[in-house]
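[1] Quick one: sequence plus predicted model below, questions after.
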Amino acid sequence: MRGMIAATALLAACGLALGGGAARAEDAHPILRVQVGPRIEGAVSGRLLVFAQPLATAKADAKGGVIESVDVDPFAEHKGHVSAREVGTVRAGATIDIDLDGIAAPQAFSLLPPGEYAIQAVLDQNHSYNYNGRGEGDLISPVATLTLPLAAGTTLVLDKVEPAFDPFNPPADAPKGTAERVAAARPHLTAIDFVSPSLSAFWGRPITMKGWVLTPPGYESGQDRYPTAYYTHGFGGTAPYLVGQAARMYEAMAKKTAPPMIWVYLDESSATGTHEFADSVNNGPWGQALTQELIPDLEKHWRMDATVNGRFLNGHSSGGWATLWLQTRYPKVFGGTWSTSPDPSDFHDFTGVDLYAPGANLYFGRDGSALPIARDHAKVLATMRDSTAMEEALGEYGGQMRSFDWVFSPRGPDGRPLPMFDRATGAVDPAVVAYWSQHYDIAARLKANWPALKPDLDGKVHLIVGTADTFYLDGAAHRLEAVMKGLGAKTDFRYLPDKTHFDIYAVGDDRQALMRQIAWEMYAVARPGSKPPAPAGP
């Protein structure tokens, strides 16, 4: 009973409502019936999600006014709405009633303004929606136009199975030239499927590290060794996603606008979000597995420099934190990191909140105002409270905030990570933060260990972030820079004026300009005296 009361309080405080079976007539909860289509084969189960967006807004956001899907985005101006419930094993023809006020965010559906809405249902079979949205095997209904308040007996049919994403067969609406780039890079890409002994021992089952090795033009016909860059993606990325990034780099090397290097594209996704290549009591020893197992294995099979000044790191967002962490945690392994827009590296500024302050709260400031989590320059797009409520509605695993807990937190009595903050109130748990600080606050770690780290780390940290970063990540970067300067460290922190989280690599219409610049900076460390080609004339 105490657990039920706590769950009810949490959901209510997050803008969610907890349903308890069939609604009574006096409750006036909107009940939507969802049916498993007759052509769906076999047993299915998962988290049933119903998405809604005002029809006029959905049409305005859709290409050509054709609404192909309805979804939510906690960081967008038009966020949408979602309701959810867990579904046990069912088969074709089965019907599921979902109380749209039961678990809903950012508010119960009965509180939405009356009118026409675009609505779609999805059965998330792998419980992965919180990480990267709908994916292989999910069941999807057509988009329907429904009027709220909802009429009794309204039904949606789950009649489509989401196919697997094939990175080597880009969709028709992919940017121009994508198919040609991917086709050119494909012969030079080799999949990584490495079973890690240490991770397998931790989990008690085989755990495979995934990614790609990209070789430069001419590799197959020569005997040269090459510097190697290890790249990992941000939150929401997967191994298939990395193919597009590799194809762009291969094109640049083929055109000689990027230096000849081996690129290793690492998948840091997991069922709990991103593991960020941190050794964690919850996710396992990912840093150890990379540096002591995978890299030595790769260097046995590929003509890599296999020296400290021939191994480099690059990543963005969560990948930026991962590469910053790997460089500072394993400075004898890597010759430098170029980390862009990394997640908070100093927990005195966790997207604007000082986690160490007495009474710290992620939802509300000292004056009671709602704290933001995302912005478009000066315009606030989302609050931490609303985005967390949406994450909680979408599911228990894979969301950004829970992903942080899985990486940084101690393990609780139930075997799961302790939450850093209360999802109902936003209150920060000082005991959990103390653990975060001791193990994963990069600035604090450098302060405590700089004399020992300096010989192998000094001058190797390159951090690049926009002054208008969408998630306020420039704040933590400034704090980390101040700590490193206070230690007398050689620093390279770049704050790109007016750049956000999503356009930081762009110069004009060239969205990969910064990536190529980073590649040449790495190459200059491995091959002193090398210089990028002169810019082409007008």
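    Arrived safely.
[2] contacting residues for residue 154?
    32, 33, 146 (CB atoms under 8 Å, 6 or more residues apart in numbering). No exception for glycine: its C-beta is placed from N, CA and C like everyone else's.
[3] whoops, I mixed them up, residue 285
    198, 199, 202, 279.
[4] Selecting buried members of the contacts of residue 154 in PyMOL, what would you type?
    To isolate the buried ones among the contacts of residue 154 in PyMOL, judged by 16 or more other CB atoms under 10 Å, type:
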select buried, resi 32+146
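[5] can you put the contacts of residue 154 in CSV and add secondary structure and distance to residue 496?
    Below are the contacts of residue 154 laid out as CSV (DSSP: H, G, I helix; E, B strand; the rest coil; distance: CB to CB, whole Å):
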residue, secondary structure, distance to residue 496
32, strand, 46
33, strand, 51
146, strand, 44
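[6] Would you mind giving the contacts of residue 154 as TSV with pLDDT and distance to residue 526 added?
    Output for the contacts of residue 154, formatted as TSV (pLDDT from 0 to 100; distance: CB to CB, whole Å):
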residue	pLDDT	distance to residue 526
32	97	59
33	97	62
146	95	59
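[7] what's the closest of the contacts of residue 154 to residue 268?
    residue 32 (36.5 Å; CB to CB).
[8] For that closest one, name its beta-bridge partners.
    residue 98 (DSSP bridges).
[9] what sits against it?
    50, 83, 97, 98, 100, 119, 121, 150, 154, 155, 156 are the contacts of residue 32 under CB under 8 Å, 6+ apart.
[10] Give me the buried entries from these.
    50, 83, 98, 100, 119, 121, 150, 156.
[11] Just among the contacts of residue 285, which is most surrounded?
    Neighbour count (other CB atoms under 10 Å) singles out residue 199 as the most crowded of the contacts of residue 285, with 23 neighbours.
[12] Isn't that residue up against residue 207?
    Yes. Using CB atoms under 8 Å, residue 199 is in contact with residue 207, at 3.9 Å.
[13] Common neighbours of the two, please.
    residue 284.
[14] Phi first, then psi, for residue 477.
    Per-residue torsions, residue 477: phi -60, psi -40 (degrees, to the nearest 10).
[15] So what's the residue count around the nearest residue in space to it that is not next to it in sequence?
    For residue 477, ignoring the flanking residues on the chain, the nearest one in space by CB to CB, 6 or more residues apart in numbering is residue 465 at 4.8 Å. As a burial measure, residue 465 scores 24 neighbours (other CB under 10 Å).
[16] And residue 465, how far from residue 54?
    Per CB to CB, to the nearest Å, residue 465 is found 35 Å from residue 54.
[17] Just give me the neighbour total for the residue nearest to residue 499 when sequence neighbours are not counted.
    Leaving out its chain neighbours, the residue that sits closest to residue 499 by CB to CB, 6+ apart is residue 466, at 3.0 Å. Here the count is done by other CB under 10 Å, and residue 466 has 22 residues near it.
[18] Residue 229 versus residue 466, what's the distance?
    As judged by CB to CB, residue 466 and residue 229 stand 22 Å apart.
[19] what are the bridge partners for the residue nearest to residue 477, then?
    Applying DSSP bridges, one finds that residue 465 bridges with residue 495.
[20] for stretch 444-455, what is the average pLDDT?
    Mean pLDDT, stretch 444-455: 98.
[21] How about that stretch, which residues are buried there?
    Applying 16+ other CB under 10 Å to stretch 444-455 flags 444, 445, 446, 450, 453, 454 as buried.
[22] what helix or strand does the last one sit in?
    In this assignment (DSSP states H and E), residue 454 forms part of helix 442-457.
[23] Could I have the CA atoms of that helix written out in CSV?
    Output of helix 442-457 as CSV, limited to C-alpha atoms (Å, rounded to 0.1, in the frame of the first residue of the first chain):
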residue,chain,number,x,y,z
ILE,A,442,35.4,15.2,-13.9
ALA,A,443,36.3,18.6,-12.5
ALA,A,444,36.4,17.2,-9.0
ARG,A,445,38.5,14.3,-10.1
LEU,A,446,41.1,16.5,-11.8
LYS,A,447,41.3,18.6,-8.7
ALA,A,448,41.9,15.6,-6.5
ASN,A,449,44.4,13.9,-8.8
TRP,A,450,46.1,16.5,-10.9
PRO,A,451,49.7,15.9,-9.8
ALA,A,452,49.5,12.3,-10.8
LEU,A,453,47.5,13.0,-14.0
LYS,A,454,49.4,16.0,-15.3
PRO,A,455,52.3,14.2,-17.0
ASP,A,456,50.0,12.1,-19.2
LEU,A,457,47.0,14.5,-19.5
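[24] And the contacts of that helix?
    In contact with helix 442-457 (CB under 8 Å, 6+ apart) are residues 324-325, 327-328, 331-332, 345-348, 437-438, 479-480, 483-484, 487, 489.
[25] swap in stretch 60-78?
    51-53, 57-59, 79-82, 105, 118-120, 133-134, 140, 143, 373-374, 376, 381-382, 386-387, 390-391, 394, 470.
[26] again, only using 6 Å
    With contact meaning CB atoms under 6 Å, 6 or more residues apart in numbering, stretch 60-78 is reached by 51, 53, 57-59, 79-80, 82, 118, 120, 143, 374, 381-382, 387, 390.
[27] And those residues, which is the shakiest by pLDDT?
    For the contacts of stretch 60-78, the pLDDT minimum is residue 79, 84.
[28] roughly how far apart are that residue and residue 387?
    Distance from residue 79 to residue 387, by CB to CB: 9 Å.
[29] Just want to know which of the two has more residues nearby.
    Ranked by neighbour count (other CB under 10 Å), residue 79 and residue 387 place residue 387 first, with 23 against 19.
[30] CA-only coordinates of the strand or helix carrying the more buried one in CSV, if you can.
    For residue 387, the host element (DSSP H and E) is helix 384-394. Extracted in CSV, the C-alpha atoms of helix 384-394 (Å, rounded to 0.1, in the frame of the first residue of the first chain):
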residue,chain,number,x,y,z
MET,A,384,13.0,20.0,-16.4
ARG,A,385,9.8,19.1,-14.7
ASP,A,386,7.8,18.7,-17.9
SER,A,387,10.5,16.8,-19.8
THR,A,388,11.0,14.4,-16.8
ALA,A,389,7.2,13.8,-16.6
MET,A,390,7.2,12.9,-20.3
GLU,A,391,10.2,10.6,-19.8
GLU,A,392,8.4,8.8,-16.9
ALA,A,393,5.3,8.3,-19.1
LEU,A,394,7.3,6.8,-22.0
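[31] Off-centre distance for it?
    15 Å (CA atoms, centre = their mean, to the nearest Å).
[32] Show me what that helix is packed against.
    strand 103-105 (3 or more CB pairs under 6 Å, 6 or more residues apart in numbering; DSSP states H and E).
[33] so after the strand it packs on, what's the next helix or strand?
    strand 115-124.
[34] Show me what that following strand is packed against.
    Strand 115-124 packs on strand 44-54, helix 55-61, strand 144-148, going by 3+ CB pairs under 6 Å, 6+ apart.
[35] The second one: how far from the chain's middle?
    For helix 55-61, the gap between its own C-alpha mean and the chain's C-alpha mean amounts to 27 Å (CA atoms, centre = their mean).
[36] Flag every buried residue along that helix.
    55, 58, 61.
[37] Could you say which helix or strand holds residue 179?
    Assigned by DSSP H and E, residue 179 falls in helix 178-185.
[38] roughly how far out does that helix sit from the chain middle?
    25 Å.
[39] Residues in contact with it: which ones?
    Defining contact as CB under 6 Å, 6+ apart, one finds that helix 178-185 is touched by 168, 170, 246, 247, 250, 251.
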